[in-house]
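**Student:** Next input, structure requested:
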Amino acid sequence: MLVDAHTHVVAADREAFPLSAAALPQDWYIRAPCSAEGLRAEMDTAGVDLAVLVQPVGAYSYDNRYVATSAAQHADRFTAACCVDPYGQSPAEELQRWLDHGGVGGVRFFALSAERSWLSDPNTFGLWEQAAASGAHVIVTVFENQFDELAGVLARFQDVAVSLDHCGFCDTARPEPLEELARFENLHLKVTTNVIDAALAAQGTARPFVTRLAGAFGAERLMWGSDFCQTHDRPYRELVRNGIEAFAALPGPHQDACLGGTALRLWGFVG
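**Tutor:** All right, here's what the predicted structure looks like:
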């Protein structure tokens with residue numbers, strides 16, 4: 001079973017699902033969009049069984065209709081992670097509204113910041129409490145400089161299963177700050193194309209980096225993700241091959257966990 005734990009989709013029908021772009025630097029969703037149907041076809045070609053549709057904040061901000069609809073329509077292949085405005089009107093209730101939507105199995109806490117973010121604001125802890133009450137999986141998107149914030153909420157909400165997008169964009173040559181987070185048993189890592197490429201650039205292969213992460217966290221807390229179609233500089237099947245290669249130095253059962261088992265355990269695939 002091969003599961004892509006980090007994908008993005010963009011609707012072809014802009015009237016039904018208009019863009020609501022966030023103030024982020026890239027416009028990949030305009031230059032190289034891929035619909036849910038397109039991703040499914042790419043997965044068929046590449047031998048990928050299931051995928052998590054992560055709300056593309058850059059394209060849709062907090063409008064989760066397309067990922068939720070796509071996951072519900074293709075429940076045999078997809079589940080979705082929504083995203084809500086932590087300072088919007090009744091954010092905990094808004095989160096539950098999306099979690100009640102068929103196809104949505106988790107939430108993305110998008111908190112990228114050069115300094116401190118909303119993640120450590122006690123006024124937003126209701127989102128964590130709602131996720132815990134619903135049994136939703138939580139994705140956190142932060143930079144390495146925010147690991148202290150992440151540690152605070154991981155310690156406070158130890159009963160919430162969390163995955164860290166892109167390994168926190170860590171320095172793959174010096175991952176000690178990331179490894180310090182291994183003490184939080186509720187934290188899992190998404191080893192995506194972003195960090196695989198960084199490790200390749202630094203060492204010529206991603207295998208030592210991945211092996212080191214498996215040693216610190218355990219293979220059962222790692223999962224691969226392509227980042228397609230935000231990452232679109234090569235065909236999807238090549239992203240898949242690169243992901244499989246990155247985990248190839250691990251024992252077979254550990255590879256199985258990283259390439260599918262962990263994601264299956266954490267996400268509510270219903271197909």
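**Student:** Going along the chain, name the strands of the stretch 51-200 of the chain.
**Tutor:** Along the stretch 51-200 of the chain, counting by DSSP state E, counting those that start in this stretch, strands occupy 78-82, 104-110, 137-141, 162-164, 187-192.
**Student:** Can you tell me which of those is most buried?
**Tutor:** strand 78-82 (a mean of 28; mean count of other C-beta atoms under 10 Å). (Glycine included, C-beta is placed from N, CA and C.)
**Student:** Partner strands of it and their direction?
**Tutor:** Strand 78-82 has its sheet partners listed here by DSSP bridges as strand 50-54 (parallel), strand 104-110 (parallel).
**Student:** Report the rounded mean pLDDT for it.
**Tutor:** Computed over strand 78-82, the mean pLDDT rounds to 98.
**Student:** Over to stretch 192-202?
**Tutor:** Stretch 192-202 comes out with an average pLDDT of 97.
**Student:** just stretch 252-270 next, same as before
**Tutor:** Here the average pLDDT along stretch 252-270 is 94.
**Student:** what sits up against it?
**Tutor:** 1-3, 5, 49-50, 52, 75, 79, 105-106, 137, 161, 163, 188, 191, 210, 214, 219-224, 243-244, 247-248, 250 (C-beta atoms under 8 Å, 6 or more residues apart in numbering).
**Student:** what's the spacing between that stretch and its chain's center?
**Tutor:** Mean-position distance between stretch 252-270 and its chain equals 14 Å (C-alpha atoms, centre = their mean, to the nearest Å).
**Student:** same check, this time on stretch 43-51
**Tutor:** Between the mean C-alpha location of stretch 43-51 and the chain-wide mean there is a distance of 17 Å, by C-alpha atoms, centre = their mean.
**Student:** Can you give me the buried ones in that stretch?
**Tutor:** Within stretch 43-51, the residues scored as buried using 16 or more other C-beta atoms under 10 Å are 43, 46, 48, 49, 50, 51.
**Student:** didn't residue 159 look like it was pressed against residue 186?
**Tutor:** Yes: with contact defined as C-beta atoms under 8 Å, residue 159 reaches residue 186; the gap is 7.2 Å.
**Student:** More neighbours: these two, which one.
**Tutor:** Neighbour count, other C-beta atoms under 10 Å: between residue 159 and residue 186, residue 186 has more, with 15 against 8.
**Student:** how close does the more buried one get to residue 86?
**Tutor:** According to C-beta to C-beta, to the nearest Å, residue 186 and residue 86 sit 20 Å apart.
**Student:** Equivalent analysis for residue 158, please.
**Tutor:** Distance, residue 158 to residue 86, using C-beta to C-beta: 20 Å.
**Student:** Looking at these two, which is more packed in?
**Tutor:** Using other C-beta under 10 Å as the criterion, residue 158 and residue 86 rank with residue 86 on top: 22 against 13.
**Student:** ok, the more buried one - contacts?
**Tutor:** Residue 86 neighbours (C-beta under 8 Å, 6+ apart): 109, 118, 121, 124, 127.
**Student:** Give me the pLDDT value at the third one.
**Tutor:** The confidence metric pLDDT takes the value 97 at residue 121.
**Student:** Adding distance to residue 69, write the strands of the stretch 51-200 of the chain out as TSV.
**Tutor:** Shown next, in TSV, are the strands of the stretch 51-200 of the chain (distance: least, C-beta to C-beta, whole Å):
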stretch	distance to residue 69
strand 78-82	9
strand 104-110	10
strand 137-141	19
strand 162-164	23
strand 187-192	24
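**Student:** For residue 59, find the nearest of those strands.
**Tutor:** Closest approach to residue 59 among the strands of the stretch 51-200 of the chain is made by strand 104-110 (12.3 Å; C-beta to C-beta).
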